[in-house]
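Colleague: the sequence and its predicted three-dimensional model are supplied below.
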Amino acid sequence: MSDSSPDRAAAPVLDVWCELQCPDCRGALDDLRALRARYGDRLEVRLRHFPLEKHRHAFAAAQAVEEAVEQGQGWAYAEAVLGRVEELAREGEPFLVRVARELGLDAEEFDTALIDGRHILIVDADQAEGKAIGVTGTPTYVIGGERLDGGKSQEGLRERIEEITDRLLAEQ
């Protein structure tokens with residue numbers, strides 16, 4: 001999932017390998033919000049899917065985010081689901097559809113998308129790319145060719161991402 005638009009082609013890219021049932025990814029939300037607020041259009045933040053097998057509903061949640069992107073509310077949806085990982089773990093797909101309805105999205109289309117699997121290839125491609133670059137857990141950040149693993153601790157990661165972003169912006 002990307003915030004990208006044609007006029008943002010030159011912006012540095014922060015890929016965030018995330019899983020929507022992951023408590024550590026929920027913990028990263030404040031940092032992501034702060035980065036998006038600080039840099040706005042000068043930094044492209046892309047949510048990349050890396051569902052972990054240990055979380056039963058993570059793959060469906062990744063597909064649901066892609067449906068939210070199609071309906072124009074990818075980040076709002078991702079944040080809403082991440083903020084309630086326990087409910088996702090308990091309820092699964094009905095929870096994903098309910099969140100869509102709460103955000104005013106077409107919940108019936110979400111249900112259909114989860115059944116027909118129209119977003120599976122996007123999720124599979126993200127996961128394959130993540131594995132290829134050494135992602136093993138979430139959240140993992142990649143910016144300026146540097147991989148930063150946040151699964152154990154978020155401490156200091158936002159500052160490091162800001163350092164790299166500032167350097168990349170200064171080089172432009």
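Modeller: Done, it's in.
Colleague: tell me the contacts of Glu91?
Modeller: Counting by C-beta atoms under 8 Å, 6 or more residues apart in numbering, Glu91 touches Arg98. For glycine as for every other residue, the C-beta is placed from the backbone atoms N, C-alpha and C.
Colleague: any idea how far Arg26 is from it?
Modeller: 16 Å (C-beta to C-beta, to the nearest Å).
Colleague: equivalent analysis for Arg158, please.
Modeller: Using C-beta to C-beta, Arg158 is found at 15 Å from Arg26.
Colleague: how about the helices of the chain, start to end?
Modeller: Counting by DSSP state H, the segments of the chain that form helices are 23-39, 58-70, 74-82, 85-91, 93-102, 107-116, 120-132, 157-171.
Colleague: who does the residue positioned nearest the centre of the chain bridge with?
Modeller: Centroid-nearest residue in the chain, with C-alpha atoms, centre = their mean: Leu47, separated by 3.0 Å. Applying DSSP bridges to Leu47 gives these bridge partners: Val16.
Colleague: so Leu29 touches Gly83, yeah?
Modeller: Yes. If you go by C-beta atoms under 8 Å, Leu29 and Gly83 touch, sitting 7.0 Å apart.
Colleague: more neighbours, those two?
Modeller: Leu29 (16 against 13; other C-beta atoms under 10 Å).
Colleague: give the contact list for that one.
Modeller: By C-beta under 8 Å, 6+ apart, the contact set of Leu29 is Glu79, Leu82, Gly83.
Colleague: reformat the residues you listed as TSV; add pLDDT.
Modeller: Putting the contacts of Leu29 into TSV (pLDDT from 0 to 100) gives the following:
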residue	pLDDT
Glu79	95
Leu82	94
Gly83	93
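Colleague: and the residues you listed, which is closest to Glu19?
Modeller: Among these, Leu82 lies closest to Glu19 (C-beta to C-beta), at 9.3 Å.
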